[in-house]
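> Here is a sequence with its predicted model. Questions after.
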Amino acid sequence: MAVDILVTTERLQEDPLGRDLIELLKNSESAISSSPSALYYDFPVYSDYDGADHKPDILVLSRSCGIIAIRVITAIQADRDSTSSLLAVDDSLNQFCSLLIGRLLKSKILRKSRSQLSLNVTPIIFCDSNLADRIFDSSDSEIVSSMDSLKDLIQDLEEEPLDSEAYDEARSVIEGAKALTRSNKRLVENPELQRAASALAELESEIANFDQKQRAAALITINGPQRIRGLAGSGKTIILAMKAAHLHMNRPNDKILLTFYTKSLKSSIKNLVTKFYRHYKEVDPDWNNIHIVHGWGGNNTSGAYSDACLRAGRTPLTFSTARSAAPNGVDPFEFACQDLMQKGDPEEYYDHILIDEGQDFPAAFYELSFRLAKGHRDKKNIVWAYDDLQNIMKVRMRSAAELFGIDHDGEPRISLERAAIGLPFKFTNDTVLSKCYRNQREVLITAHALGFGIYSNIVQLLESADHWKDVGYEVTSPNYYANAEVEVVRPAENSPVSLSGEKLPELIEQYNAQSMDDETDWVIASISDFLKQGLNPEDIMIVALDDRHMKGYFKELSSKLANLGIASNNIHADPYSDPPFTIPNKVTLSTIYRAKGNEAAVVFVIGVDAISLKTRGDRNKLFTALTRTKAWLRVSGMQGSTSQIIKEMSEAEQNFPALRFTMPDLSKLDMIQRDLSKRSIKAKKLRAEYLESLRREGLSEEDADLDYDDE
Amino acid sequence: MNRQNIQSGINKSWDLADKLGLAAAFSNPNLLPLNTEFRDAILSAESTYIDVYLTAMNLSHHNIILSDYSYFQFSMERDGYVRYAYYPNPFISGKESETKSFKKITELFENEFISHEQYLSLLDSKKSLNGKPMWRYENAPDQRKRFFHPCSHFHIGFHSENRWPLKRTLTPLAFSMLVFKQYYGEEWRSLGDDDDPEISNSFERALIRERQNCHVVSDDLFEKIEEQAFFFS
């Protein structure tokens, strides 16, 4: 059984004794190496009431020995340092253990009695000096001075192994994932009748734990740039929040920027960081040093760009000024960032920059981040989370060189390969998260089938088998080139979240309606069923894909819900503030734009007839909408594309868990799409009509000369 | 007036808003429960009208949203104490040009010429002060003080210490009809005007009928002597 080792800092390079100990714990035949175990180096840090930090050098959690926390003191240190400072190390270790025990005791699963844990926590001072016993004479810790005696001690510590639930729970507490636990547990009054609610409660009560890649990405501090790729629902935001909290804890004076694209994400990201931070410290983060801000910022709200302007003594451009000043076809935000870099001199300011939703930012924002980050180019701590399938299926991801641009010497400003040279301990600066924790496997595969157009005309596709692997699939057929018959399969372990229970509502259902009235009736009847099954109104989200009829849909739906006495939270109806996405006892009505980044147990995707299945842009929207659901998915539309969408969904179901298709010629695909997308015929026509109507109202063309922001 | 009456009045107000082409969303068919966050915003001395408007918007603490992002609240905080409020959108001054510009931006968004984030940014950069005053109605028998705190009264505008006495208790529908008539006169006229020889507007006739449902305040809560001063009849 392999010991799961997590070295969180580069300090181990200067700690040969620590390295030896890790080798021993990993390799020797012992209770630790023979049962599931996790070993952490330089982690975690807890602070006491006085604000002093305490951490072990090595912490081991194992099913058979409980937890051991080790501080390493070399013989040289023992000779050199005063007894009092050595005893302080011991003191700190014991303080750490008390704090850890306090945290573990909060969990019912880990308690044997009111004040007793079901696992032992053993502090160990490992000091290879002959004087160790004398120096630590009165210590409460186990004093160990050789590898052999450590082995003996571990043997003595062996006891009845922890069950796997308790082990997972302890791990969740140590790593901080425990902070993600829902604060209000779902109450199910009658599990027999309310089967849906009961299945959902079970899904939500699973112990939150990081997987191996998430853990490494969140907890290892790498000096230099780092990229985190993954699908929606793979935990990128959580990782960045954890990283921010963890950095702030270890380096409280460093300036940290955590920035994102969708305004409405602010409060949830801030909450996450606070939760993680408070898991280790008794106080809130110092918001002077950790800035959680929107990429741009608004009139009165701060943003990464607008704050940089202010520091450079310049007035930030607002969206409308940037829009009118930007040359045709240039993204206003791209323009604003370039403008600042040309006219002002943004100073290096941040020690760490963390960028969420990296796929949505223009290149100039990356360049600005590069300028704002302190240090030499290969040591700039910029972490960007990027969903190469989100915006949505931009099949080709922009490389670091494309994002950050080229430096004065003709070299890329940021190169992950270059920065990776010299990273110790197999640290990686390019993490791919291939597991998806948000969607049921059936839903995700269906969404991918529809997003790519697998069962009709493929509009986009991943370039290689490796890329499929990154996204959590395996190409099981031998060839992946034009005209080959291809099969890709999503293994269950890459979609670990799964509903279970008998007589549950169907996971996926569709409806092709005759009219809006008919469609909204179907939605309302279905909502009614879910509520009878014990779900709450806020578990339900309706996403309208038909922008033109959105108002009509939401008016009718809110009215029909009101007839049943149900209130709704109409996200679309509030253009001014960033309303909370879910409000207790209200059904959420949202546009696809606002739904991005959010989720619900039941998602109704309505108005799918408005989707043009030939274009990437529209298939992407469909993909985003379908992947908002944690459990059940309902899809409806009024004629049009609806029947084709239903047909593709049933084919996806028949082929589950595989996607099967004839490989198209990718270069041709791109050509067709270039023709179709940006200046699609539909858009052109619409635009012409629209400009005409503006003219009739006496408005200038310039007023409407806006980016058509499609793929 | 009991809860059921009010509830049905909320429904009727929605139907009328719909008829007038003003309805955007029926966010809550029930009487609004106490919301502490909203209460704190409204009671805070620092709050501006915009703060209060945005707080309720943010919390979805309203019953009916109109197409110009104004909204209604209907609540009954204790027995016999009712409160209806109309919150106009503070970012549209009511001037024709601004209403037009607002509609244009919204249309651009709805036709996908601009993204949602861009839409928000555009609105954000066009914030100016509203010309329509907010308007509230309260019936508070237990707080009544002769001449100074009428039982049934209007608050006009954001200022809360003005109380304009009424001799009747308003139904929710009567209140919303008054709002529509006074603030959305164009729709009221264009959809309601007809050839009736006496009262040539169907909504006006309906308002007159609704007045019958607004009971006269009892003599002990609105005394004869108070009639000598000004009041809404």
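It's in. These figures come from a predicted structure and were not determined experimentally.

> where does the chain have low pLDDT?
Because you didn't say which chain, this covers chain A. A:1, A:183, A:298-300, A:389-397, A:425, A:573-578, A:671-711 (pLDDT under 70).

> other chain: chain B
B:93-94, B:109-121, B:123-130.

> Can you give me the buried ones in stretch A:660-669?
Across stretch A:660-669, burial judged by 16 or more other Cβ atoms under 10 Å in any protein chain shown covers A:Arg660, A:Phe661, A:Met663, A:Pro664, A:Leu666, A:Leu669. For the C-beta atoms, the positions are set from N, CA and C on the backbone; glycine is no exception.

> Can you get me the start-to-end distance on it?
18 Å (Cα to Cα, to the nearest Å).

> can you give me how far that stretch is from the chain middle?
Chain-centre distance of stretch A:660-669: 30 Å, with Cα atoms, centre = their mean, to the nearest Å.

> Stretch A:566-585 too?
With Cα atoms, centre = their mean, you get 23 Å for stretch A:566-585.

> Which helix or which strand is home to the residue nearest to B:Ala206 when sequence neighbours are not counted?
Once flanking residues are discounted, B:Ala206 sits nearest to B:Met177: 7.1 Å by Cβ to Cβ, 6 or more residues apart in numbering or on different chains. Applying DSSP states H and E as the criterion places B:Met177 in helix B:172-183.

> From the chain's centroid, how far away is that helix?
7 Å.

> ditto for stretch A:58-75
With Cα atoms, centre = their mean, you get 30 Å for stretch A:58-75.

> ok, so of the buried residues of stretch A:660-669, who is nearest A:His549?
Proximity of the buried residues of stretch A:660-669 to A:His549 (Cβ to Cβ) peaks at A:Leu669, which lies at 30.4 Å.

> residues in contact with the residue sitting furthest away from the middle of chain A?
No residue in chain A has its C-alpha farther from the mean C-alpha position than A:Arg134, which lies at 49.7 Å (Cα atoms, centre = their mean). Going by Cβ atoms under 8 Å, 6 or more residues apart in numbering or on different chains, A:Arg134 touches no other residue.

> What does it show for phi and psi?
phi -70, psi -50 (degrees, to the nearest 10).

> Over to A:Gln77?
The phi/psi pair for A:Gln77 (degrees, to the nearest 10) is phi -60, psi -40.

> For the closest residue to it other than its chain neighbours, give me its contacts.
Spatial nearest neighbour of A:Gln77, chain neighbours left out: A:Leu86 (7.5 Å); criterion: Cβ to Cβ, 6+ apart. For A:Leu86, the contact set (Cβ under 8 Å, 6+ apart) comprises A:Ile73, A:Gln77, A:Ala78, A:Ile135, A:Phe136.

> Out of those residues, list just those in strands.
A:Ile73 (DSSP state E).

> for the contacts of A:Leu86, which one is nearest B:Ala56?
Using Cβ to Cβ, A:Ile73 is the member of these that sits closest to B:Ala56, with 61.1 Å.

> Skip the chain neighbours and tell me the closest residue to that closest one.
A:Cys127 (4.1 Å).

> Also A:Phe530?
Closest to A:Phe530 by Cβ to Cβ, 6+ apart is A:Val602, at 5.6 Å.

> From B:Ile65, how far off is the most centrally placed residue in chain B?
The residue lying closest to the centre of chain B (Cα atoms, centre = their mean) is B:Tyr86, at 2.2 Å. Counting by Cβ to Cβ, to the nearest Å, the gap from B:Tyr86 to B:Ile65 is 12 Å.
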